[in-house]
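Engineer: model this:
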Amino acid sequence: MDAKGELLITIMSSLAQEESRSISENTTWGIRKKFAKGEVSMGFSRFLGYDKDFVINEEEAATVRMIYKMFIGGASIYGIKKELERLERKSAGGGNIWHISTIQSIFTNEKYMGDCLLQKQYTVDFLTKKRKVNQGEIEQYYSSDHHPAIISKHEFEQAQREFTKRKEGKRKGGATMFSHKIKCSCCGGWYGSKTWHSTDKYKRIVYQCNNKYKKKEMDHSPLLMEDEIKEKFLEIMNGLATEKKEVIESFEELKVIITADDPAEKLERLREEQQEIALLIEALVHDNTERLTNQNEFRMKQQELHSRYERKQAEIDEVEKQVQAKNDQLADIELFLDVFQKVKPGLEIFDEHLWNGIVDHMVVLPDKSVIIKTRVGVDLK
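Structural biologist: Numbers count the residues shown, from 1 in each chain. Below is the predicted model of the structure:
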């Protein structure tokens, strides 16, 4: 360990590190080339719903389908967690305890519809092996129909729309199927569940306005027993079922009307016009670098073109909102029809899936009658 020895070890360490870096870069390059050619290979030890080589595990796949069905139907992530634990459904690790993050990752994972998004993460340092979420730093690759799907693409898209709406606050889930689903017509507050006689045989679940004791000076709609809510819903559904054919035909016609007004064509035209403006800006800048020009005129023209580009972007943003609203409306109609087609006259047993698929929320009136605001914007009294 003299000076010469230390120098030799330093040189050898540097060579070893450089060799490690070279091997890492060559391996990464080879993997990314395969991705670009559409050659996908992924290894995993635990993946709920799939065994090795993406063979569907039917028992676990049933749990995945249940999670999607409940979430699209309006159940909260917490409500799904409690139901999975109540039914003792096994997680990917084989346990009975479910975490919110695990459930969320399931209905946002494109692999359940048979596709693969590659390079969601990447290794930042080949020595420390530190990984980072890819936010556009490196190219990603998407492989469609890579393996057998557990849920359909339509169901996956519905789940993503539902997730987006909840993040934006347009729709809420809750701990129970009636959470954020029943509203007071007097003060606009939500109803919450309360337990009466929790320790004796007269135990009952009731729902009343959460503002009843917060805003005592205001009027509030009357409380409802849980059984009353179910009875009122069944009464409305049975009334609607007597006109089932006419209701379905009306919504099918509405789908045709919505589809006929297609803003996607307008969106494509606006993007082409914006691209033309971008080319004009590029040509103007190129011309300014190639020859001597009046800089005041150049800046004025550049500013004018940038203003046109921004105005066009504002138009694009507005039309994109219309496209999204139209897609959301069609998705809600599809869900309504899918659920409603299973309704038969004389329904006697409350169906939670039917409730979640049809009801956006229920409004309780002072006389204890109710109005159901459906997910498709139709009111049922």
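
Engineer: Show me the residue at the heart of this structure, geometrically.
Structural biologist: Centroid-nearest residue in the chain, with C-alpha atoms, centre = their mean: Gln160, separated by 2.2 Å.

Engineer: For that one, what is the enclosing helix or strand?
Structural biologist: Per DSSP states H and E: Gln160 is located in helix 153-167.

Engineer: I'd like the next helix or strand past that helix.
Structural biologist: Next along from helix 153-167, by DSSP H and E: strand 182-184.

Engineer: helices and strands around the next helix or strand after that next one, which ones?
Structural biologist: Once strand 182-184 ends, the next helix or strand along the chain (criterion: DSSP H and E) is strand 191-196. The elements that strand 191-196 packs onto, with contact taken as 3 or more C-beta pairs under 8 Å, 6 or more residues apart in numbering; DSSP states H and E, are strand 182-184, strand 204-209. The way it works is simple: take the backbone N, C-alpha and C, and place the C-beta from them, glycine included.

Engineer: Which of the ones you listed has the lowest mean pLDDT?
Structural biologist: Lowest mean pLDDT within the helices and strands packed on strand 191-196: strand 204-209, at a mean of 87.

Engineer: Quick check: Glu139 touching Gln119?
Structural biologist: Yes - between Glu139 and Gln119 there is a contact at 7.1 Å, judged by C-beta atoms under 8 Å.

Engineer: Who has more neighbours out of those two?
Structural biologist: More crowded of Glu139 and Gln119, by other C-beta atoms under 10 Å: Gln119, with 14 against 11.

Engineer: Report how many residues lie close to Ser91.
Structural biologist: Ser91: 19 surrounding residues under other C-beta under 10 Å.

Engineer: Give me the pLDDT value at it.
Structural biologist: Looking at Ser91, its pLDDT stands at 88.

Engineer: tell me which element it is part of?
Structural biologist: Assigned by DSSP H and E, Ser91 falls within no helix or strand.

Engineer: how far away is it from Leu48?
Structural biologist: To Leu48, Ser91 is 7 Å away according to C-beta to C-beta, to the nearest Å.

Engineer: and what of Val319?
Structural biologist: Distance of Val319 to Leu48, given as C-beta to C-beta: 39 Å.

Engineer: for Gln274, same thing?
Structural biologist: Between Gln274 and Leu48 the distance is 43 Å, computed by C-beta to C-beta.

Engineer: the more surrounded of these two?
Structural biologist: Ranked by neighbour count (other C-beta under 10 Å), Gln274 and Leu48 place Leu48 first, with 21 against 18.

Engineer: Next one: that one, what pLDDT does it get?
Structural biologist: As predicted, Leu48 sits at a pLDDT of 90.

Engineer: do Val364 as well
Structural biologist: Note for Val364: predicted pLDDT of 94.

Engineer: I'd guessed it sits against Val370; true?
Structural biologist: Yes - taking contacts as C-beta under 8 Å, Val364 lies within contact range of Val370: 5.5 Å.

Engineer: Neighbour count for the two, which is higher?
Structural biologist: Using other C-beta under 10 Å as the criterion, Val364 and Val370 rank with Val364 on top: 26 against 22.

Engineer: How much space separates the more buried one from Cys187?
Structural biologist: Here Val364 is placed at a distance of 11 Å from Cys187 (C-beta to C-beta).

Engineer: what's stretch 287-303 in contact with?
Structural biologist: 281, 284-285 (C-beta atoms under 8 Å, 6 or more residues apart in numbering).

Engineer: typo on my end, it should be stretch 120-140
Structural biologist: Contact with stretch 120-140 is made by 17, 20-21, 24-25, 28, 32, 117-119, as judged by C-beta under 8 Å, 6+ apart.

Engineer: could you point out where this structure is predicted with low confidence?
Structural biologist: Low-confidence segments of the chain (pLDDT under 70): 32, 35-45, 121-122, 126-128, 136, 168-176.

Engineer: Tell me where it has strands.
Structural biologist: Applying DSSP state E to the chain gives strands spanning 50-51, 55-56, 116-118, 121-123, 131-133, 141-143, 182-184, 191-196, 204-209, 224-225, 359-364, 370-374, 379-380.
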